[in-house]
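[1] Below are the sequence and a predicted model for it; my questions follow.
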Amino acid sequence: MSHHPAALYNDTHQARSKAPTSYESLLGDAIERAFGSGIHDLDALVQYLNTAGPSGPNGQAWTAETYQQEMARLAAA
């Protein structure tokens, strides 16, 4: 059975249950900028977020652990 390529298209917002918050949009934009500048490892990403923002949960600095916890929290929301 073959599939038409258009049938495999994933709607960008298909898993979204609500619009992103301002914080989620800022964080997503910052992560995209980091990836766009060639950052692809966790330690460098955390350093980038601490420099460029936004701040981590509760206004704290990002660590690898807080980043992973926040990504898990946002994915579960």
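    Arrived safely.
[2] the longest helix in the chain is where?
    Using DSSP state H, we find that the single longest helix of the chain is helix 22-36.
[3] So which other helices or strands are in contact with whichever helix or strand comes after it?
    Counting by DSSP states H and E, the next helix or strand C-terminal to helix 22-36 is helix 42-52. Contacts defined by 3 or more C-beta pairs under 8 Å, 6 or more residues apart in numbering; DSSP states H and E place helix 42-52 against helix 22-36, helix 64-76. Every C-beta, even on glycine, is put in place using the N, C-alpha and C of the backbone.
[4] any idea of the mean pLDDT for helix 42-52?
    For helix 42-52, mean pLDDT is 98.
[5] Pull the distance from that helix to the chain's centre.
    Averaging C-alpha positions (C-alpha atoms, centre = their mean, to the nearest Å) puts helix 42-52 13 Å from its chain's average.
[6] Can you read off the pLDDT for the spatially most central residue of the chain?
    The centre of the chain sits closest to residue 28, judged by C-alpha atoms, centre = their mean, with a distance of 4.4 Å. pLDDT for residue 28: 96.
[7] swap in residue 39?
    Residue 39 is given a pLDDT of 97.
[8] Report how many residues lie close to residue 66.
    16 (other C-beta atoms under 10 Å).
[9] residues contacting it?
    Shown in contact with residue 66 (C-beta atoms under 8 Å, 6 or more residues apart in numbering): 56, 57, 60.
[10] how close does the second one sit to residue 75?
    Residue 57 is 14 Å from residue 75, where distance means C-beta to C-beta, to the nearest Å.
[11] again, but for residue 18
    When residue 18 is compared with residue 75 (using C-beta to C-beta), they lie 14 Å apart.
[12] on that earlier part again, pipe the helices and strands packed on helix 42-52 into CSV and attach distance to residue 52 per row.
    CSV is the format used below for the helices and strands packed on helix 42-52 (distance: least, C-beta to C-beta, whole Å):
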stretch, distance to residue 52
helix 22-36, 6
helix 64-76, 14
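[13] Ok, which of the ones you listed comes nearest residue 49?
    Residue 49 sits nearest to helix 22-36 of all the helices and strands packed on helix 42-52, at 5.9 Å, using C-beta to C-beta.
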